[in-house]
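Undergrad: Let me see the structure of the following:
(one chain, ligands or ions: 2)
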Amino acid sequence: MKNYPTLAFIGAGNMARAIIGGLIKQGYPANKIWASEPDLSRIQDLQTQGLNVTDSNIDVVSNADVVVLAVKPQILKAVLLPLSEAAQQSKPLFISVAAGITSSSINRWLGGNQSVVRCMPNTPALVGLGASGLFANSDVSDEQRNQAEAVMSATGLTLWVEDEQQLHAITAVSGSGPAYYFLFMEAMISAGVQQGLTLDAATQLTLQTAKGAAEMALQSDVDPAELRRRVTSPNGTTEQAILAFQRHDLEGIVADAMGACATRSIAMAEELGK
Ligand SMILES: NC(=O)C1=CN([C@@H]2O[C@H](COP(=O)(O)OP(=O)(O)OC[C@H]3O[C@@H](n4cnc5c(N)ncnc54)[C@H](O)[C@@H]3O)[C@@H](O)[C@H]2O)C=CC1
Ligand SMILES: O=C(O)[C@@H]1CCC=N1
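TA: Numbering: from 1, shown residues only. Ligands and ions are numbered 1, 2, ... in the order given. The predicted model follows:
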């Protein structure tokens, strides 16, 4: 990124910190980043890293080129309503990472005619391996679109959608997705320990296997199903494990889980977007 926009985070919790960590690792100057939190003691560590910190959301909206909204969806409306006057004057680009909340709700709470990019990132942004879905409302200029792209691509893969509704599915796949893999890791570690491995050995082997499988799938020119078949020898060991997963309808479980996730995202838009 050549010209670093002044970037501000309203809410510096888990997701904001993952994005900030990814940006800093990519060389984004810490002194071009602001973090706003009601309790400054919670962001002292960010100040130590060279970020600017404040407890005034109005100040950051007035002074930043790009404002990342990273508070919980349940409080987003209450956080934005008092910012509309400052937003109308300074017209920054808003990037919201809040699950469920539509760009039109955000635009309305900010007084209208605001540039809003709605983004669904994920926490692997922290290690530069994030995956973000992005949608721009009609007020977003080409330059602002490039700014949003530059910020989020510093944390990993970006994918723009023209239909905002697709962000529900993106939430189910990649926004919440890391948690599914962590859950699977937890289950594998615990089963490894049950079979007599130490916790340390089971953890190391599970994590390296997850990393190796993901890296191999990324680098391969064949799909994951074919890679799975290549591990599964006829009448061998893997086959028994796969049959056990299939007896429990793993595919159906995953489809149910991701359906529930997207349904919650849609419901949050209705409950919280008014
Ligand atoms: N955690 C995740 O994996 C992902 C989270 N998201 C979205 O990111 C957003 C934040 O989620 P998390 O970081 O997990 O939550 P979090 O609770 O860790 O962070 C929210 C932060 O906002 C701060 N805050 C509360 N009131 C505030 C105010 N008035 N002004 C400024 N800051 C205020 C809180 O002190 C807290 O540090 C949510 O909208 C969530 O839907 C999106 C994708 C993935
Ligand atoms: O669980 C949540 O609501 C947030 C959004 C996607 C991941 N975490």
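Undergrad: and the stretch 151-274 of the chain, which of its residues are near ligand 1?
TA: The stretch 151-274 of the chain comes close to ligand 1 at residues residue 175, as judged by CB under 6 Å from any ligand atom. Glycine gets a C-beta too; all of them are placed from N, C-alpha and C.
Undergrad: Pick out the residue in the stretch 151-274 of the chain sitting closest to ligand 1.
TA: residue 175 (4.5 Å; CB to the nearest ligand atom).
Undergrad: Report the contact partners of residue 239.
TA: 232-233 (CB atoms under 8 Å, 6 or more residues apart in numbering).
Undergrad: and it, what element?
TA: helix 237-247 (DSSP states H and E).
Undergrad: Likewise for residue 116?
TA: Secondary structure assignment for residue 116, by DSSP H and E: strand 115-120.
Undergrad: helices or strands up against that strand?
TA: Strand 115-120 makes packing contacts with strand 93-96, helix 103-109, strand 130-136, helix 142-153, helix 166-170 when contacts are defined by 3 or more CB pairs under 8 Å, 6 or more residues apart in numbering; DSSP states H and E.
Undergrad: now the helices for the stretch 151-274 of the chain?
TA: Here the stretch 151-274 of the chain has its helices, by DSSP state H, counting those that start in this stretch, at 166-170, 177-194, 199-219, 224-231, 237-247, 250-272.
Undergrad: rewinding a little: for the strand holding residue 116, which strands pair with it and how are they oriented?
TA: Sheet neighbours of strand 115-120, with direction, are listed as strand 93-96 (parallel), strand 130-136 (antiparallel) (DSSP bridges).
Undergrad: Pull up the residues of the stretch 1-150 of the chain that are close to ligand 1.
TA: With CB under 6 Å from any ligand atom as the criterion, the stretch 1-150 of the chain comes near ligand 1 at residues 10-16, 36-38, 57, 70-73, 75, 79, 97-99, 120-123.
Undergrad: Tell me how many other residues surround residue 12.
TA: Other residues within reach of residue 12 by the criterion other CB atoms under 10 Å amount to 24.
Undergrad: ok, now residue 41?
TA: 7.
Undergrad: Return the per-residue confidence for it.
TA: Listed pLDDT for residue 41 reads 95.
Undergrad: next one: the one 4 residues further on
TA: The predicted local distance difference test score for residue 45 is 96.
Undergrad: count of neighbours near the residue in the stretch 101-250 of the chain positioned nearest to ligand 2?
TA: Nearest residue of the stretch 101-250 of the chain to ligand 2 (CB to the nearest ligand atom) works out as residue 175 at 3.6 Å. Per other CB under 10 Å, the neighbour tally for residue 175 reads 25.
Undergrad: For residue 44, see how far away the nearest residue to it once chain neighbours are set aside is.
TA: Nearest non-adjacent residue to residue 175, counting by CB to CB, 6 or more residues apart in numbering: residue 120, 4.4 Å away. From residue 120 across to residue 44, the span is 29 Å (CB to CB, to the nearest Å).
Undergrad: again with residue 202
TA: Residue 202 is 36 Å from residue 44, by CB to CB.
Undergrad: Looking at those two, which is more packed in?
TA: Legend: neighbour count by other CB under 10 Å for residue 202 and residue 44, higher for residue 202 (20 against 10).
Undergrad: and the more buried one, what pLDDT?
TA: pLDDT, residue 202: 98.
Undergrad: residue in the stretch 1-150 of the chain nearest to ligand 1?
TA: Counting by CB to the nearest ligand atom, the stretch 1-150 of the chain gets nearest ligand 1 through residue 13, at 1.8 Å.
Undergrad: burial measure for that residue, as a count.
TA: As a burial measure, residue 13 scores 14 neighbours (other CB under 10 Å).
Undergrad: Lovely, talk soon.
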